[in-house]
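Novice: Sequence plus the predicted model coming up.
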Amino acid sequence: MSEAVLTLSNVGYRWPGRAGFALTVPDLAVALGESVLLLGESGSGKSTLLSLICGAILPDSGVVSIAGTEISSLSGGARDRYRAEQIGVIFQQFNLLPFGTVSDNILLPLRFAPARRKRAGVALAEATQLCATLGLPEGVGSEKASALSVGQQQRVAVARALIGHPPLIIADEPTSALDANSQAAFLDLLFAQTQTHQTSLLMVSHDPRLGERFDRVINIEDIAKIARSAS
Ligand SMILES: Nc1ncnc2c1ncn2[C@@H]1O[C@H](COP(=O)(O)OP(=O)(O)OP(=O)(O)O)[C@@H](O)[C@H]1O
């Protein structure tokens, strides 16, 4: 496999106080520029796996590495900065700051990530360019994020993930609020951007029909041991 952007090795995790659920991932790697769709039923641990990859939670055992750095080896603040540098995240609910403008929201990750800010060049111009590329109306940058439609907010969330070209994009059910046509358009935009910049993409979905567009489709049951007994 070509250079891996993401590797997990013998990773084990239990949520504190929830003895019934345990996730173990022996070996997972995502290569530079590779797009991977992660499928799995509700409660199987997909969001938990993404939280481990982002360093929002740390594994009880094993190693998660992003671009060659083991994220558990970083202290809390350094880990937050490393995440902001290396990973663009698109959440299910977009997590936009409602009272911030569209530009504020798109530029937010750059605040904690100087190298990514440098890659973005003139950051406001890059944000405006991304808005145009993603089909948002001219002048949208100064609008309040909460004033936009759901589909437009989703594009803002994509622009925020893409700005400054982090090597890895993580997306948790980003199309769940969209109808089938908007879903296809959304994926067109996302793939056009990730292919241009050789960005790796790991996207979680319930919908196996999306799989044909990805380099690889993984069912979480095939890469992880999942214990789900009642606690
Ligand atoms: N923040 C949390 N605190 C405690 N337990 C959690 C937390 N997040 C998830 N869990 C538990 O971890 C298990 C796996 O949940 P997770 O959300 O990772 O699954 P999922 O596959 O993403 O589900 P869905 O498709 O419904 O989003 C569940 O038992 C859930 O209750």
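Specialist: Cool, got the structure.

Novice: drop to CA atoms for contacts and neighbour counts, all remaining ones
Specialist: OK.

Novice: ok, which stretches of the protein are strands?
Specialist: For the chain, the strands defined by DSSP state E occupy 4-13, 21-31, 35-39, 61-66, 69-70, 87-90, 168-172, 200-205, 216-219, 225-228.

Novice: and those strands, which is most packed in?
Specialist: With neighbours defined as mean count of other C-alpha atoms under 10 Å, the strands of the chain peak in mean count at strand 87-90, which reaches a mean of 26.

Novice: The most centrally placed residue in the chain and L96, how far apart?
Specialist: Residue closest to the average C-alpha location in the chain (C-alpha atoms, centre = their mean): I170, at 1.7 Å. Separation of I170 from L96 (C-alpha to C-alpha, to the nearest Å): 16 Å.

Novice: One more: T48?
Specialist: Taking C-alpha to C-alpha, one finds T48 at 21 Å from L96.

Novice: Return the residues of the protein in contact with the ligand.
Specialist: The chain comes close to the ligand at residues 15, 21, 41-48, as judged by C-alpha under 6 Å from any ligand atom.

Novice: hmm, which two among those are most spread apart?
Specialist: Using C-alpha to C-alpha, these span at most 18.3 Å, a distance reached by W15 and E41.

Novice: hey, which helix or strand in this structure has the poorest pLDDT?
Specialist: When the helices and strands of the chain are compared on mean pLDDT, DSSP states H and E, helix 180-196 comes out lowest with a mean of 85.

Novice: That'll do, ta.
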